[in-house]
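# coords below, sequence missing:
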């Protein structure tokens, strides 16, 4: 959906444009332009990548486990399995797998021709060590640790056969294992200890960490012995690129300017207006790769007043108007979502009717709920309490366009009598506000492969905070029916049954007016026309350059 | 003429002069050590006021889901379960040996981390200071003694320059010189060309400040009798500027340099972010976001150290440039 | 020496020049600056009179429109009228500037008075404290305050105010010390005036008047620093129209919609210049009386 | 006139200098022969300095300079370009200014400053330049020139730095030396040495143009004198002619105003010439004076300093003794003069007398009762008994206060503060202010003015009025007239004299100027390095000094007639 016209922009890059047209752009996966391959890949060269994501504090994605780590780890670490564009799990380091009938035991047959870049052989023992590493509290794993919640232990059946023994059936196991946060590292590398391993984890990937200059760059060099691309890769053998120069450029405008100036070849997190301009002029290729898992959505805290009253939640959803805003702010680069799940997820269920704007209905509902008075500002009151919605926004997680959209939410909700109070907070303060339940509405991204993310976000277990205070169920959904459906779906081995259960769960969640879906988690890359063969992995949409090459 | 009660007339001979300088230096250094201690202490206790659990910050920040065992483990590892006083003296003890602790988020020694960062930031700050000096001198030399229009123009430029916010100036410079003209890269690359825009961003507002004082002291110097003497000796207008008045104009600039460096370090937080340069400012910003207390403390101490060193240096330079200071003595 | 002290010497020097050239009557610049400040104050006090539209009225379909007759300064990313937002931001921005300066002044006054009247030990202590505060450069101190107290406009204002305090403290101390040793205070002592009378009749009026001038000069800089905090995402909260926040929001769209940053930028720069020019004019008048 | 047949070094006819519409030099003509010294005297604003600087093409920015003849060392300089002027400056004429502390660049060693002249004009090799620099320094009597070249002006004593300044003007041995108030900032003994040096320079054949406000200095050095007033030369002739037999009334007034030769009590100023309408004073009879001094010996002194010591800490350790075991009495109705050079401790002594600072040892008593020993609280009610007058009257006024408020405050009531708190009514206060102003010879309208807008003489009158307001018995005057032109100085001295007689005031009169003290004081004390080396009746001390230091002071004091 590209309806908004991006403002005209002078194109200074006519030359580059010509190259782009002549060379065509090869993009597997989710790509912008379907151009036919017309050239033979060229080996050599350094790809310069400018990342706007935060610089990881540790390059080992086992430690903690956030998206910036995944971005980098995808270049040098590999997982047991991957996913193709249709959402099917495909082989990677594991050639095949088989679950027992009770779903409590999974046997993975591993490739036997792979070595880590330090020479350590990849085998079942390595898998066991990695899973134990993830489950060791000392590793401080968060994402990976949660994903392995049902894994009791890993047994070495044979050098090339690893058996995962589960405490309960887990339909999401393969999806979990496909994520970079559960990638396999060299046991010898892990044995070096956290401090050293964080600097340069050792994997089996197409590139190797050569050096990390804090606040500046990570240098990656080609793994000349690379043999283990995922099943959907374009070519076998080592990467074409000699190296990747991965720079941290936090400022979006600087990043785009660097791309324009030819200083870098690929940027991530471009501003929507620059995407639109680049896409329209054809100066740069746009790789649009929404992240899997949840959509970007606003959660309504149903755990406390006023949103403990479903009518007030419904009124809010009816009052808020975001379509025009999304169009204008994202310049047509983001499509509206009506689902709790990313459009990448095959099991995503949408229900657009629920989110139609209807101010009269909002007013009626609020009147019905007892919010009948209004103060001088036009804010509704009930028993002397104003209808205030606190909305903490993390400046580290929301791009400017999204913050502007929230302002529009604020403005449209005001008409129905909601006083939305946005506070822009840095990450720590934002979590602080959430942990203290000082919010009525909030937007938090959550990336995970597969629909199991619903269990994390909406199962009542996720209301109970972890020792850190963290809880994922920000909407405070506490519905036994939803709990049951999500638990069943997570352990069902029959795909059809599982799909039905997830759809029913999503229907209930959406119907409960707990959330306002906005759009997919935006994840875009702009590529110089020189870059060919880059793609985003269909797992967590991190870029992969193992097939990429640079035109002369 | 009524005299001051003491110290007028003939200066003391060399020996007491040296003794006085040594005493002055000792006082300066003592003050410096005190300032560092106070900064460390203030920062230590201020940071205890921060809401949130340091153990949590160590375990991957606020969003992570550390287990209770992990939290306990970390608390005892980092001595966070000790009484505050014990922690304080432990910190002071470590500081004495140059140990700034270990970063919560990066898990590396803070000294090592900052050691790698400070070079870039100092280089940026010093280059900007130098550039600001040159710009300010050029502007003040150009705009003085040329009539009211030049003077008004000079003052106007100073005012505008001093009022420019860094982040905005940077955006404009990038739009013009990178995107528009393509002269300089928008992202610092470690090459001299990549340094131009960040340095310019920092230097222009500072030059605005410096030029204001320099112009005033230049005008002031131009009115001094020694200028009349020099002219009466046959010195040309240019000669007077470069042999005489420029030094006088530079004096307040020198004593401002300590403050200016601090000001530049403030600006570096913004500039390093925009131009994607590694450095203390960005490290600090990230540490603040992640509540990485050892790093925040380390940066604060380091900046205080830089300030203190700079203060001592500017004081010494000012005394060399202007021997009158050495005679009048400190406040 | 700090920026404030620098400003003071500049003001002194200028006043001296003016006295010599015995120029009378306001300059053109002063008049223009005065008019600008009056405009600002009007906009701050009665934004509705000056603005053309509701500054917070969102119209997503009208986003990113260039300046036109309907929208003098164009529209922003949410279709809001930039001109009306600049007007609406005047109050907020001035409030931040004035409050921050007031905080800095109040603290500086407290420290300065303590230092100059508290005896040698207190003077030494305050002097060192001021040194210590100086060792935290402005934004650093602000960041530290924000770490401790959490981000937001109030914290940002306090932080900026706090970071200017040591400069004021030093000036006030210097001023009080020099006035106390001045000949007119000595003359009052010779006439047998008690200390309290000397304080109220001579010390305070003479020390405070230049301060008013310095404060005017400080307001503009306070606004600029607060804007930097807004850029770092630690300043004013939406939908409040604050110049710094507008500037940093507009910076994102610099290549698409230049008007979003240029106009609030001009407002900041214009305010800083106008207050500085007025402050200097005030200083000339006040020093002229010396 | 020192006869000299050689061509004049400088010929100047009908010099006119104007700034905008204001003509400040209106047709000055003069000629100077080699080895001759011509002096221009006049008060501030007479145009003497502008005349001197016009000779170097440095009249100032925006100046219009015209002359029928302007010939220096045979070159016609009318219409000379800046470039040509630069050749003249330093090469043909050197300039010596008042205060070498600022007339030499305080940031550069004097060797560089002197060498500059050589570098600019001769492009001399460095070694030669150095040699010549040392030579010139030796010529001006600089001890140890080799060390001195590395010193900056601030590191030299007043006399030596003035010598260095002269050396820098003489580096190229120019035929003309212009000395603009060359000794004004110096102590008398140093002044005498510098004047001797200038005489020596003249003796070597250099023509000297001396600019001064001080007739005594002129008398010492010049061959011929031009008296300037309002841009014109009103009288000229040899020193003897002008000083002994002045023709013009203004010249006569100038000479009369020099206090050194005028006996105690005789008025210095002519009412016709005063800037305020001070009433003419009668010459007091000897009987008057005797009466006023009656009861001095034997009776309790009004103010007595007894073995007073005051020290100050010096940086780098140790203490500096500013006042060293000084005993001094001031009796009712008498004036005690205190003379000494800068740094001798005069001002510290004044502050001790005013109890603004406490002595380390010894005691100050007032009318036989403790004064310095009292605590400030107890002393405060008695403070009105002693008044003070300072050198710089302006800085002794609160810059925010008008003259009216200053005087009303001193008289005990602040106008505008409302009556009712025991203060006199507003009308009464205003009357009192008017009386005070009238008494010091100022119009009532002055009450509404700011001190800054007053002239130096008027300011000092306001200061005197303030001191009188509290009806003191003793006035401590610290250099009350040093900053004033000689005719104004005369008026202020006359006023003080008059008031003393009228009110029976005692005065402690401090000055570096022997002539002033000699005119004003009944008894005199000479201070050197914190000690009083000699004291006694003024006539006796000045006529027959008993201490070598006094003798030197007296010998070096400039005098109109030798």
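Cool, got the structure. Because the structure is a prediction, the values reported are computed rather than measured.
# next, count neighbours for the closest residue to chain D within the stretch 51-200 of chain C.
As assessed by C-beta to the nearest C-beta, chain D sits closest to residue C:192 within the stretch 51-200 of chain C, at 3.2 Å. In this view, the C-beta of every residue, glycine as well, is placed from N, C-alpha and C. Using other C-beta atoms under 10 Å in any protein chain shown, residue C:192 has 17 neighbouring residues.
# how about the residue nearest to it when sequence neighbours are not counted, what does it touch?
Nearest residue to residue C:192, sequence neighbours excluded (C-beta to C-beta, 6 or more residues apart in numbering or on different chains): residue D:383, at 3.2 Å. Counting by C-beta atoms under 8 Å, 6 or more residues apart in numbering or on different chains, residue D:383 touches C:189, C:190, C:191, C:192, D:355, D:470.
# try it again at 10 Å.
Neighbouring residues of residue D:383 by C-beta atoms under 10 Å, 6 or more residues apart in numbering or on different chains: C:189, C:190, C:191, C:192, C:193, D:354, D:355, D:366, D:376, D:470, D:472.
# after the lowest-mean-pLDDT helix or strand in chain A, next one along is what?
When each helix and strand of chain A is scored by mean pLDDT, DSSP states H and E, helix A:14-23 comes last, with a mean of 36. Later in the chain than helix A:14-23, the nearest helix or strand by DSSP states H and E is strand A:46-51.
# between the helix or strand following that next one and strand A:46-51, how many degrees?
Next along the chain after strand A:46-51, taking DSSP H and E as the criterion, comes helix A:67-76. Note on geometry: by axes from the mean of the first three to the mean of the last three C-alpha atoms, to 10 degrees, helix A:67-76 and strand A:46-51 are set 170 degrees apart in direction.
# which helices and strands does helix A:67-76 pack with?
Contact here means 3 or more C-beta pairs under 10 Å, 6 or more residues apart in numbering or on different chains; DSSP states H and E; on that basis helix A:67-76 packs against strand A:46-51, helix A:143-147, strand A:207-213, strand A:217-222, strand A:243-248, strand A:543-544.
# contacts for the shortest one?
Under the contact criterion C-beta under 10 Å, 6+ apart, strand A:543-544 has outside partners A:28-29, A:49, A:51, A:71, A:74-75, A:82, A:205-206, A:229-230, A:233, A:239, A:244, A:266, A:268, A:287, A:289, A:523, A:525, A:527, A:533-538.
# which of the contacts of residue D:383 are buried, as a PyMOL select command?
In PyMOL, a selection of the buried entries from the contacts of residue D:383 looks like this (16 or more other C-beta atoms under 10 Å in any protein chain shown):
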select buried, (chain C and resi 189+190+191+192+193) or (chain D and resi 354+355+366+470+472)
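# filter the contacts of residue D:383 down to just the ones in helices.
C:189, C:190, D:376 (DSSP state H).
# could these be laid out in CSV, adding distance to chain A and pLDDT?
Shown next, in CSV, are the ones in helices among the contacts of residue D:383 (distance: C-beta to the nearest C-beta, whole Å; pLDDT from 0 to 100):
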residue, distance to chain A, pLDDT
C:189, 55, 87
C:190, 60, 87
D:376, 56, 85
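# where exactly do the helices run in the stretch 101-250 of chain A?
Using DSSP state H, counting those that start in this stretch, the helices of the stretch 101-250 of chain A run over A:124-135, A:143-147, A:173-177, A:187-191, A:194-199.
# same check on the stretch 101-250 of chain C?
For the stretch 101-250 of chain C, the helices defined by DSSP H, counting those that start in this stretch cover C:119-134, C:138-149, C:153-180, C:183-190, C:195-198, C:204-231, C:243-251.
# could you dump these to CSV with distance to residue D:303?
Listed next are the helices of the stretch 101-250 of chain C as CSV, based on distance: least, C-beta to C-beta, whole Å:
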stretch, distance to residue D:303
helix C:119-134, 31
helix C:138-149, 56
helix C:153-180, 26
helix C:183-190, 14
helix C:195-198, 24
helix C:204-231, 31
helix C:243-251, 66
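# and among those helices, the most buried is which?
helix C:243-251 (a mean of 27; mean count of other C-beta atoms under 10 Å in any protein chain shown).
# is it in proximity to chain A?
Yes: using C-beta under 10 Å from any C-beta of the partner chain, helix C:243-251 reaches chain A at C:245, C:248, C:249, C:250, C:251.
# what's near enough to touch whichever residue of chain A sits closest to chain D?
Closest contact between chain A and chain D, by C-beta to the nearest C-beta, is at residue A:215 (42.8 Å). By C-beta under 10 Å, 6+ apart, the contact list for residue A:215 reads A:55, A:248, A:250, B:113, B:116-117, B:120, B:272-273, B:276-283, B:286.
# nearest the geometric middle of chain D, what residue?
residue D:482 (4.0 Å; C-alpha atoms, centre = their mean).
# and stretch A:492-512, what's buried?
For stretch A:492-512, a neighbour-count test (16+ other C-beta under 10 Å) marks A:492, A:498-499, A:501-506, A:508-510, A:512 as buried.
# picking up where we left off before, to residue A:398, which of the helices of the stretch 101-250 of chain A lies closest?
Counting by C-beta to C-beta, residue A:398 lies closest to helix A:143-147 out of the helices of the stretch 101-250 of chain A; the figure is 20.4 Å.
# quick one: average pLDDT of that closest one?
Averaged across helix A:143-147, pLDDT comes to 86.
# could you pull out the buried residues of that helix?
A:143, A:144, A:145, A:146, A:147.
# going by distance to residue D:150, which of those residues wins?
So of the buried residues of helix A:143-147, ranked by how close each gets to residue D:150 (C-beta to C-beta), first place is residue A:143, at 72.8 Å.
# now the nearest residue to the closest one once chain neighbours are set aside, what are its backbone angles?
Among residues not flanking residue A:143 along the chain, residue A:65 sits closest, at 2.9 Å (C-beta to C-beta, 6+ apart). Main-chain dihedrals, residue A:65, degrees, to the nearest 10: phi 110, psi 80.
# ditto for residue B:290
Taking degrees, to the nearest 10 as the convention, residue B:290 sits at phi -90, psi 0.
# same thing with residue D:176?
phi -130, psi 130.
# residues near it, how many?
Neighbour count for residue D:176, taken as other C-beta under 10 Å: 23.
# where does it land on pLDDT?
pLDDT, residue D:176: 91.
# tell me which residues touch it, please.
Contacts of residue D:176 by C-beta under 10 Å, 6+ apart are D:8-10, D:32, D:34, D:55-56, D:72-73, D:88, D:92-95, D:169, D:206-209.
# out of these, who's near chain B?
D:56, D:88, D:92, D:93, D:94, D:95, D:169.
# tell me the one of those residues nearest chain B?
Set against chain B, the nearest of the ones next to chain B among the contacts of residue D:176 by C-beta to the nearest C-beta is residue D:95 (3.6 Å).
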